[in-house]
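Novice: 3D model of this:
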Amino acid sequence: MAENNDDVLEGNLFFLAAAFSRKLSRQADEVFASVGLSSSHALLLLLVQNDPGIQPSVLAERLYLKPSTITRLVQKLERRELVERESEGRTTSVVSTAKGARVAKQIRSKWQELNSLGSEQLGDRYVTVLSEMIAKALDAMD
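Specialist: A predicted model of the protein is given here:
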């Protein structure tokens, strides 16, 4: 007898996490479309704005991305004149430009909009608990 496909998906952490991530990413990209950035680029710009001179390796660690992915994200932000890379010896850091600071201000309001959307859909308490649980799971997997 053939296995019911729903049985394969039910309780499957990997599928459920990926599906949830895709839905969240779609929503975020829709919200950030007006700024002209993907949610990944927007988040990276905020991190650079909040921590001027941050090193790409630190960005990779904080965002759980490969250094090569950070390089591509930074390059796009550089082309848009939102960030600059500065080198001192063998150390490279990323800083926001004046234009990047203006866009970061818009991004902050878009993050608030996105958070409000999540709270409307799931409820404040659910968002808080789910965020805490995901953060703990990420830490446990390191």
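
Novice: which stretches of the chain form helices?
Specialist: Using DSSP state H, the helices assigned to the chain run over residues 5-9, 13-32, 39-50, 56-63, 67-79, 98-122, 124-141.

Novice: tell me which of those lies nearest to Thr92.
Specialist: Checking the helices of the chain against Thr92 by Cβ to Cβ gives helix 56-63 as the closest, at 6.2 Å. Heads up, the C-betas are built off the backbone N, CA and C, glycines and all.

Novice: and the angle for the closest one with helix 39-50?
Specialist: Put simply, helix 56-63 runs at 120 degrees to helix 39-50, going by axes from the mean of the first three to the mean of the last three Cα atoms, to 10 degrees.

Novice: and helix 56-63, which residues are buried?
Specialist: Of the residues in helix 56-63, those scored as buried under the neighbour-count criterion (16 or more other Cβ atoms under 10 Å) are Pro56, Leu59, Ala60.

Novice: without its sequence neighbours, what residue ends up closest to the second one?
Specialist: This means Leu59. In this structure, Leu59 finds its nearest non-sequential neighbour in Ile70, 5.0 Å apart by Cβ to Cβ, 6 or more residues apart in numbering.

Novice: separation between the nearest residue to Leu73 once chain neighbours are set aside and Gln121?
Specialist: In this structure, Leu73 finds its nearest non-sequential neighbour in Leu44, 5.1 Å apart by Cβ to Cβ, 6+ apart. With the distance defined as Cβ to Cβ, to the nearest Å, Leu44 ends up 25 Å from Gln121.

Novice: could I get the contacting residues of the residue nearest the centre of the chain?
Specialist: Within the chain, the residue whose C-alpha comes closest to the C-alpha centroid is Ser40; the distance, by Cα atoms, centre = their mean, is 4.4 Å. Remark: with contacts taken as Cβ atoms under 8 Å, 6 or more residues apart in numbering, Ser40 is in contact with Leu63, Leu73.

Novice: and it, how close does it get to Ser87?
Specialist: According to Cβ to Cβ, Ser40 stands 24 Å off from Ser87.

Novice: check Leu44 too.
Specialist: Separation of Leu44 from Ser87 (Cβ to Cβ): 19 Å.

Novice: over to Leu117?
Specialist: When distances are taken as Cβ to Cβ, Leu117 and Ser87 turn out to be 39 Å apart.
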